[in-house]
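Visitor: need coordinates for the below:
(one chain, ligands or ions: 1)
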Amino acid sequence: MTDSFSVHIIGAGIIGLATAATLLARGHAVTLIDRNDPGSGASRGNASGIAWTDVAPLASPGVWRKAPGWLLDPLGPLSVRPSYAPAILPWMLRFLSASRPAAFKRSVSAIAALNAEALPAWERLWAETGTGGRLRAEGCLDVFDKPGEVARARAGWQLQREHGIEVRELSADEIRDMEPDLGPTVAGGAFLPGWSHLDDPHAMCLDLERVVIERGGTFLRGNVVSVIDTERGARLRMRDGPVLHADKVVIACGAWSKRLAESLGEDVPLDTERGYNITVPEPGVSFRRFIMLAGYGFVMSPIAQGLRIGGMVEFAGLTSPPNWARVDALVSRAKRMVPALSVEGGERWMGFRPSLPDSLPVISQSRRAAHVCYAFGHAHHGLTQAATTGELVADMIAGRTPAINLAPYAIDRF
Ligand SMILES: Cc1cc2nc3c(=O)[nH]c(=O)nc-3n(C[C@H](O)[C@H](O)[C@H](O)COP(=O)(O)OP(=O)(O)OC[C@H]3O[C@@H](n4cnc5c(N)ncnc54)[C@H](O)[C@@H]3O)c2cc1C
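Guide: Predicted coordinates:
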């Protein structure tokens, strides 16, 4: 039995919730703190993929071939809002550096190490908490409508195979046989049978919240403004409310984690890749599998509420309002591939992916504060990597050697 600590987790998104459930299972006393409802941030409306078969970071040598075309299209898969361009420039320069071949290779290894554990860790968490039953293990179709893009995708599929991931390249007809509602413009693609997704990412958050409370954890609503390390723990200053004290603190505030790390004297180049989607209850088409339209930068995910169509990357910071024209653009692109698609009654959503320039999260002991750990910056893979992150944080708190070498995810790597 390891020591038992009082642990305050700031942020009740999927990362904070999975961490809370794991820490409770390991005998710690847990308080989850969030200024909003649990699971109401990026974890609420994501595409639901347990995307462990993705090993390529966004920062890749190939992105620079595509980026200029994308950036010229204000509604394209990747865009920078002009007013945000000066603020994002330092992040972009680091992104550029992380896209060089040697750095890309390091990021691939680090993503693959986390993702190899992603589904097994979720299965352990589901078994431990009794929250299983949401997994749809139907695989994913990577679909393209231009033969040139199919050819270019082969390098990525080869990279996946090198990491033991099964990828079956398919002709357009074979793809339409699997998903007949894809239209005649399909040019080819691949099937990844190992991919899986959940029926509802928000419900997964609420399931974990319920278990945390049932098992004696506490949820506290409040806005943490700073963290102060002390000799015997850490103190949290709240916007309105008393100063709290805990043996250990985990900062899991997703895209909003930068300021709290700064309060401890640690500067981290965290920004947000905003993503958009629309969830349609009766889309007039039906898919069994997760469909990835990488050439357009979005996915179609069949979930409990209907069909969720979304993705895209927009750099516009944490405060500017959503640009819903992006959703209209992705719908019109989706219709090129799925002519019978209807989006009537669809609900639009925007979420803030917490992103570091090298596409890796920060899962790290603070270098400035002995009693503080970080668990943020999971970008496109937060749902995928949440259960693994919870286990790694629990290992750090117990002073145990984690199953994965944590050096690539350290806060001071930049
Ligand atoms: C369009 C889109 C599609 C995606 N699809 C997928 C996918 O298919 N698969 C996948 O794995 N990932 C996907 N992601 C990424 C995934 O959603 C995120 O990586 C993940 O949700 C991040 O979880 P989090 O807990 O770190 O952050 P969040 O869910 O954003 O939670 C952070 C919480 O911290 C709270 N908070 C912040 N600051 C404070 C403070 N000072 N005091 C108190 N509380 C605070 C916030 O209120 C919030 O509840 C997608 C994201 C988007 C936007």
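Visitor: now Ile397: how far from His378?
Guide: From Ile397 across to His378, the span is 19 Å (CB to CB, to the nearest Å). Where you see a C-beta, it was placed from the backbone N, CA and C, and this is true even at glycine.
Visitor: what about these two, which has more around it?
Guide: His378 (29 against 24; other CB atoms under 10 Å).
Visitor: name the helix or strand of this structure that has the lowest mean pLDDT.
Guide: helix 63-72 (a mean of 72; mean pLDDT, DSSP states H and E).
Visitor: show me what counts as buried in that one.
Guide: Val63, Lys66, Ala67, Trp70 (16 or more other CB atoms under 10 Å).
Visitor: give me the distance between the closest residue to the ligand within the stretch 301-414 of the chain and Ser6.
Guide: Taking CB to the nearest ligand atom, the ligand has its nearest neighbour within the stretch 301-414 of the chain at Gly382, 2.1 Å off. Going from Gly382 to Ser6 by CB to CB gives 25 Å.
Visitor: looking at the two, which one has more neighbours?
Guide: Neighbour tally, Gly382 and Ser6, criterion other CB under 10 Å: the higher count belongs to Gly382, 27 against 15.
Visitor: contacting residues around that one?
Guide: Shown in contact with Gly382 (CB atoms under 8 Å, 6 or more residues apart in numbering): Gly13, Ile14, Ile15, Ala42, Ser43, Asn46, Gly254, Arg353, Pro354, Pro361.
Visitor: what about Ala121, neighbour count?
Guide: Ala121 has 24 nearby residues by other CB under 10 Å.
Visitor: can you pull out the low-pLDDT segments for the chain?
Guide: 1-2 (pLDDT under 70).
Visitor: can you pull out the helices in it?
Guide: Using DSSP state H, the helices of the chain run over residues 14-25, 63-72, 85-98, 101-116, 118-129, 147-162, 172-178, 201-214, 258-263, 325-337, 382-398.
Visitor: and of those, who's closest to Ser366?
Guide: Closest approach to Ser366 among these is made by helix 258-263 (7.8 Å; CB to CB).
Visitor: what packs against that closest one?
Guide: strand 224-230 (3 or more CB pairs under 8 Å, 6 or more residues apart in numbering; DSSP states H and E).
Visitor: mind checking how far Val313 is from Leu75?
Guide: Taken as CB to CB, the span from Val313 to Leu75 is 12 Å.
Visitor: those two: which is more packed in?
Guide: For Val313 versus Leu75, neighbours defined as other CB under 10 Å are more numerous around Val313 (21 against 16).
Visitor: what sits against that one?
Guide: Leu58, Pro77, Leu78, Ser79, Glu273, Arg274, Gly275, Gly297, Arg353.
Visitor: nearest to Leu24 among those residues?
Guide: Using CB to CB, the contacts of Val313 come closest to Leu24 at Arg353, 27.0 Å.
Visitor: separation between Ala187 and the ligand?
Guide: 24 Å (CB to the nearest ligand atom, to the nearest Å).
Visitor: backbone phi and psi for that residue, please?
Guide: Backbone torsions of Ala187, given as degrees, to the nearest 10, read phi -110, psi -20.
Visitor: how close does it get to Asp34?
Guide: On the measure of CB to CB, Ala187 and Asp34 end up 45 Å apart.
Visitor: for those two, indicate the residue with more neighbours.
Guide: Asp34 (25 against 17).
Visitor: how close does the more buried one get to the ligand?
Guide: 4 Å.
Visitor: so that residue makes contact with Ala12?
Guide: Yes - assessed by CB atoms under 8 Å, Asp34 is found in contact with Ala12 at 3.8 Å.
Visitor: shared neighbours of those two, which are they?
Guide: With CB under 8 Å, 6+ apart as the test, Asp34 and Ala12 both reach Phe219.
Visitor: quick one: contacts for Ile311?
Guide: Careful, residue 311 is Gly; it's not Ile. If you count contacts by CB under 8 Å, 6+ apart, then Gly311 has Ala47, Pro77, Gly275, Tyr276, Asn277, Gly297, Phe298, Val299, Leu330 around it.
Visitor: around the ligand, pick out the residues from the stretch 51-200 of the chain.
Guide: For the stretch 51-200 of the chain, the contact set with the ligand under CB under 6 Å from any ligand atom comprises Ala51.
Visitor: and the residue of the stretch 51-200 of the chain that's closest to the ligand?
Guide: For the stretch 51-200 of the chain, CB to the nearest ligand atom, closest residue to the ligand: Ala51, 4.9 Å.
Visitor: which residues of the stretch 301-414 of the chain lie near the ligand?
Guide: 310-311, 351, 353-354, 376, 378-384.
Visitor: rerun that using 5 Å as the cut-off
Guide: Gly310, Gly351, Arg353, His378, His381, Gly382, Leu383, Thr384 (CB under 5 Å from any ligand atom).
Visitor: taking those residues, tell me the two that lie furthest apart.
Guide: Longest span within those, CB to CB: Gly310 and His378, 17.4 Å.
Visitor: how far does stretch 38-45 sit from its chain's centre?
Guide: Its chain's average C-alpha position is 11 Å from that of stretch 38-45, according to CA atoms, centre = their mean, to the nearest Å.
Visitor: just the buried residues of it, please?
Guide: Pro38, Gly39, Gly41, Ala42, Ser43, Arg44, Gly45.
Visitor: pretty sure the second one sits against Ile15.
Guide: No - look at Gly39 against Ile15 with CB under 8 Å: they stay out of range, at 10.8 Å.
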